[in-house]
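Novice: Okay, predicted coordinates and the sequence, questions at the end:
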Amino acid sequence: MTTDRASRIATEEHVAANGATLWTAVQGDGPPLVLCHGGPGVYDYLGPVADMVDDLATVYRYDQRGCGRSEGRPPYDVDTFISDLEALREHWGIQSWLVGGHSWGANLALAYCLAHPEHAAGLVQLSGTGISVDWQQEHYRNREARLSPDERDRLRHLQERRKVATGADLEAIRAERSEIILRTELYDSSGVRSVPTYNQYPLDFQQMSMMAGDWDRFVRQPGLESRVAELQMPALVVYGEGDTRPEAPSRRLAELLPRGLFEWMPRAGHDLWVEQPDALGDTLRSFLQNQAATQT
């Protein structure tokens, strides 16, 4: 990947969309690409990914409702978040765009494509969890395997305490727990200082719980695999070797998608751009360039 080109400055704007005011950022030049951040309940952190491709695409980012700089207004469910994304598309006057996301945002991107395939020119999934209903237990086992015995004991102790803690005590427990877990998100834990820490804005833990429960409902819908198999847009599914979330759901999703491409990225954890920025940049740029070539 070319590393010496200048990234473009993002233009920030608060947009009224689907009954909530959402923070947005737009940068670049080219076909439209929207990036959905993970969480849920976090806020946008995908600026480094936008910088990789903003000479090939106009990149749209935003804080999901109730997150970061966006207004908190229920309901918090998959259908509402899809409608928020669709309202942003209409606001920007985009007929069709590439829809991408990271982690939970990758799942939201897929859900949007299922709801609005006529407006989805392509799908980009970074470190998603597919449409599996049982990936969490393997994820927890993999995460604990990365920890020392003392860290595992401490994490279990904190998880028990947070069930009854309140106020400042609960916040302290969450902060310590996050610090322990953060090291498991990398292929090489020595680079932990490069991982996003999500401490710029408050996190909405209630929204995290509500959205996680509604995503579980979403993936249990009868016939969901058949609906995914009917999607005709090109799709890129990227999975990092060091991600504690299991590989199988992402690989299965790529196999279901008629034009799905699965990219296994060595020596990369959950936040792919942290440890393998050049490899991720090359993969994204190749996908975008191929899409541009097929449309000309």
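Specialist: Yes, it's here.

Novice: Need the three-state assignment for the nearest residue to residue 49 once chain neighbours are set aside.
Specialist: Distances taken as C-beta to C-beta, 6 or more residues apart in numbering place residue 273 nearest to residue 49, at 5.6 Å, with adjacent residues excluded. Placement of C-beta: from N, CA and C, glycine included. Following DSSP: H, G, I helix; E, B strand; the rest coil, we place residue 273 in the helix state.

Novice: Quick one: residues contacting residue 273.
Specialist: 48-49, 52, 280-281 (C-beta atoms under 8 Å, 6 or more residues apart in numbering).

Novice: so what pLDDT did it get?
Specialist: With respect to pLDDT, residue 273 scores 95.

Novice: Tell me who's in contact with the residue lying closest to residue 92 once chain neighbours are set aside.
Specialist: Leaving aside its sequence neighbours, residue 92 sits nearest to residue 60 (C-beta to C-beta, 6+ apart; 6.9 Å). By C-beta under 8 Å, 6+ apart, residue 60 lies in contact with 24-26, 32-35, 88, 92, 97.

Novice: Just those residues: which are in strands?
Specialist: 24-26, 32-35, 97 (DSSP state E).

Novice: which one of these is nearest residue 156?
Specialist: Minimum distance to residue 156 across the ones in strands among the contacts of residue 60 is 34.7 Å, recorded for residue 35 (C-beta to C-beta).

Novice: The closest one reaches residue 103, doesn't it?
Specialist: No. Counting by C-beta atoms under 8 Å, residue 35 sits too far from residue 103 to count as a contact (11.5 Å).

Novice: For residue 260, grab phi and psi.
Specialist: When quoted as degrees, to the nearest 10, the phi and psi of residue 260 stand at phi -80, psi 140.

Novice: Please enumerate the strands of the stretch 1-150 of the chain.
Specialist: In the stretch 1-150 of the chain, the strands defined using DSSP state E, counting those that start in this stretch lie at 11-17, 20-28, 32-36, 58-62, 97-102, 120-126.
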